[in-house]
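In: what follows is a predicted protein model with its sequence.
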Amino acid sequence: MSVRLEMKNMTKRYGQFLANEGVSIAVGAGEVHAIVGENGAGKTTLMRMLYGMEEPTSGEILLDGKPVSFRGPDDAIRHGVGMVHQHFMLFPDFTVAENIVIGYEPKRGGFFDRAKAMADATALAERYRIPVSPTAVLGECSIGEQQRVEILKVLYQGAEIIILDEPTAVLTPMEVSELLATIRTLAEAGKSILLITHKLQEVMEVADRITVLRGGKVTGAVAAKDTSAEELARLMVGRDLEQLSERTEQRGEPLLVVHQVTMQEKKKKPVLDQVSFAVHHGEIVGIAGVSGNGQSELLQAISGLAAVQSGTIRLKDTDVTNRTVALIRETGLAHIPEDRYFWGAAKEETVAENALMGYHRLPAFSRGIIIQRKWFHHLVAAWIERFAIKTSSAHEKAGNLSGGNLQKLIVAREMGRETPLLLAAEPTRGVDIGAMETIHQALLEKRNKGDGILLVSSELSEILALSDRILVMFEGRIVGELSRAEATEEKISMLMAGGRGDGSTQATA
């Protein structure tokens, strides 16, 4: 195997903070090389240096044995380094072909040659066996299709080294399988793939070699055939992961009852169509489904963020249908929202101020208009320690935290309310394996205390690991319910794909 890329003794310092310290990796032509590690381990910083987005404090990058220095992403692209970002850099109103060639558009007589763009996009997709429709409008494509467009875009730019940043974060199980097949196809065509992910089973399935980072340093560099997911987890966190607590059998009375709820957007098809189910004391009910099938709207309806046109929502025997967010929370609801930046945090405020949100209304933390900040700061300090939130202090701006650490702050805040019902939407999105372990344990402990949890997650492994019952949503309806004993990834995936699958029944209360 010829070495195409070497990064030697890469170090990046921000003031006194070392994001990377002496990191070295080598990647061959036709190799899938995974970079894994916890939040803050230095994965993103390392890739930003490779892609020209950050200048190394020290170290050396070599392509085909020759030293290079990139002044920016355009420079990296000219040298054959492309990056598919976790948040796509695409234009929803343009066609697939237009998105693929953008910035490198074919011209004829000084004008954009649309026919050649279509032909080039089609030929590229066929060459790498990546199925897309060049004439489709991007905004009407699925997330998986949009990701294929991103990959084709960097291939069109001539990338020989492709960085994939958390590429399966928002994909369905079927789309994940298709992406992993695409990665192998690209490697077989001689491309070098750098895969940044925290999903160790996917790493074991597709990677040739793996580099593990912890605290900005390399703690392991191994061939995939010589290791296991358990060993990688130990290298990432520096210890063995603990088993989840035993779940007690204690399903109690209904806590949340959703009955025939319908949400209509103008004259369009209902986003929620006569949805009925219940969450009982002492159980976790998981909701699985491809993004965009009504899960978000359901949580917004329950939490008071959106109104429904018909049906009822009862919490603790109180009708909370279309009531205010404040009243519903006071009735006994906490909510980990799926979008931590839009719904869950104020980035310009401090860690402490974000932790205080919602608590300022509680008598234990306020006297009239005066907030008991000193007492509250002790609580925030305990949350920071329990959930290993990496922050310089409680007075740091929340926007300075990594996405994973901000997620942990929101989880700590909402679980700290100790309400009888918790809505948990994507509770571990973007967090590392150690934090995932802590959050899963906290959710199970809450369930074992007799509280109810409604869990929405795009991670089927998370749904299967935590749920007592699993409901599957498709096109705004609940199309099946599976008990913990009968649920399998295959059955759930079939229901998610079109509302069909063995073992499904009507959702019950």
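Out: Arrived safely.
In: SS state for the closest residue to P337 other than its chain neighbours?
Out: Closest residue in space to P337, ignoring its immediate chain neighbours: W343 at 3.6 Å, by Cβ to Cβ, 6 or more residues apart in numbering. Every C-beta, even on glycine, is put in place using the N, C-alpha and C of the backbone. Of the three states, W343 takes coil under DSSP: H, G, I helix; E, B strand; the rest coil.
In: so where's the stretch 51-200 of the chain shaky on pLDDT?
Out: 170 (pLDDT under 70).
In: wait, doesn't R469 sit right on E481?
Out: Yes - counting by Cβ atoms under 8 Å, E481 is a contact partner of R469 at 6.3 Å.
In: neighbours around the residue nearest to P337, how many?
Out: Applying other Cβ atoms under 10 Å, we find 16 other residues in the vicinity of W343.
In: same question, R247
Out: With other Cβ under 10 Å as criterion, R247 counts 15.
In: same question for the one 3 residues further on.
Out: Using other Cβ under 10 Å, the number of residues around Q250 comes to 13.
In: residues near the closest residue to A169 other than its chain neighbours, how many?
Out: If the residues on either side of it in the chain are set aside, A169 comes closest to Q86, at 6.0 Å by Cβ to Cβ, 6+ apart. Applying other Cβ under 10 Å, we find 15 residues neighbouring Q86.
In: immediately after the strand or helix carrying R4, which helix or strand?
Out: For R4, the host element (DSSP states H and E) is strand 3-14. Going down the chain from strand 3-14, the next helix or strand is strand 17-28, by DSSP H and E.
In: centre of the chain to the helix or strand just after that following strand, how far?
Out: Note on strand 17-28: by DSSP H and E, the next helix or strand toward the C-terminus is strand 32-37. Distance of strand 32-37 from the chain centroid (Cα atoms, centre = their mean, to the nearest Å) equals 17 Å.
In: other SSEs contacting strand 32-37?
Out: Using 3 or more Cβ pairs under 8 Å, 6 or more residues apart in numbering; DSSP states H and E, the elements in contact with strand 32-37 are strand 17-28, helix 43-50, helix 173-188, strand 192-196, helix 200-206, strand 209-214, helix 229-237.
In: make TSV from the ones you listed and add mean neighbour count and distance to T391 to it.
Out: Converted to TSV, the helices and strands packed on strand 32-37 look like this (neighbours: other Cβ atoms under 10 Å; distance: least, Cβ to Cβ, whole Å):
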stretch	mean neighbour count	distance to T391
strand 17-28	19	12
helix 43-50	24	17
helix 173-188	18	32
strand 192-196	23	23
helix 200-206	17	26
strand 209-214	23	19
helix 229-237	18	19
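In: the residue nearest to P337 against V325, yeah?
Out: No - counting by Cβ under 8 Å, W343 does not reach V325; the two are 10.4 Å apart.
In: name the residues contacting each of these two.
Out: Listed as contacting both W343 and V325 by Cβ atoms under 8 Å, 6 or more residues apart in numbering are L305.
In: quick check: the gap between the nearest residue to V137 once chain neighbours are set aside and R108.
Out: Of all residues not flanking V137 in the chain, T95 sits nearest, at 6.0 Å (Cβ to Cβ, 6+ apart). According to Cβ to Cβ, to the nearest Å, T95 and R108 sit 17 Å apart.
In: of all the helices and strands packed on strand 32-37, which one is nearest L5?
Out: strand 17-28 (4.3 Å; Cβ to Cβ).
In: which secondary structure elements does that closest one contact?
Out: strand 3-14, strand 32-37, helix 43-50, strand 192-196, strand 217-223.
In: out of these, flag the one nearest I439.
Out: Smallest distance to I439 across the helices and strands packed on strand 17-28 (Cβ to Cβ): 17.9 Å, for strand 32-37.
In: how far away is the nearest residue to E54 once chain neighbours are set aside from G216?
Out: Once flanking residues are discounted, E54 sits nearest to R48: 4.2 Å by Cβ to Cβ, 6+ apart. Relative to G216, R48 is positioned 13 Å away (Cβ to Cβ).
In: does the residue nearest the centre of the chain sit in a helix or strand, and which one?
Out: In the chain, the centroid-proximal residue (Cα atoms, centre = their mean) is R429; its distance is 3.8 Å. Under DSSP H and E, no helix or strand contains R429.
In: which non-adjacent residue is nearest it?
Out: Leaving out its chain neighbours, the residue that sits closest to R429 by Cβ to Cβ, 6+ apart is Q407, at 6.4 Å.
In: now the helix or strand where that neighbour lies - C-alpha only, PDB.
Out: Counting by DSSP H and E, the element that carries Q407 is helix 403-415. Presented in PDB, the C-alpha positions along helix 403-415 are these (Å, rounded to 0.1, in the frame of the first residue of the first chain):
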ATOM      1  CA  GLY A 403     -21.900  20.700  20.500                       C
ATOM      2  CA  GLY A 404     -21.500  17.600  22.700                       C
ATOM      3  CA  ASN A 405     -20.800  19.600  25.800                       C
ATOM      4  CA  LEU A 406     -23.700  21.900  25.300                       C
ATOM      5  CA  GLN A 407     -25.900  18.800  24.800                       C
ATOM      6  CA  LYS A 408     -24.700  17.500  28.100                       C
ATOM      7  CA  LEU A 409     -25.500  20.800  29.800                       C
ATOM      8  CA  ILE A 410     -29.100  20.700  28.500                       C
ATOM      9  CA  VAL A 411     -29.600  17.100  29.500                       C
ATOM     10  CA  ALA A 412     -28.300  17.900  33.000                       C
ATOM     11  CA  ARG A 413     -30.600  20.900  33.300                       C
ATOM     12  CA  GLU A 414     -33.800  19.100  32.100                       C
ATOM     13  CA  MET A 415     -33.200  15.900  34.200                       C
END
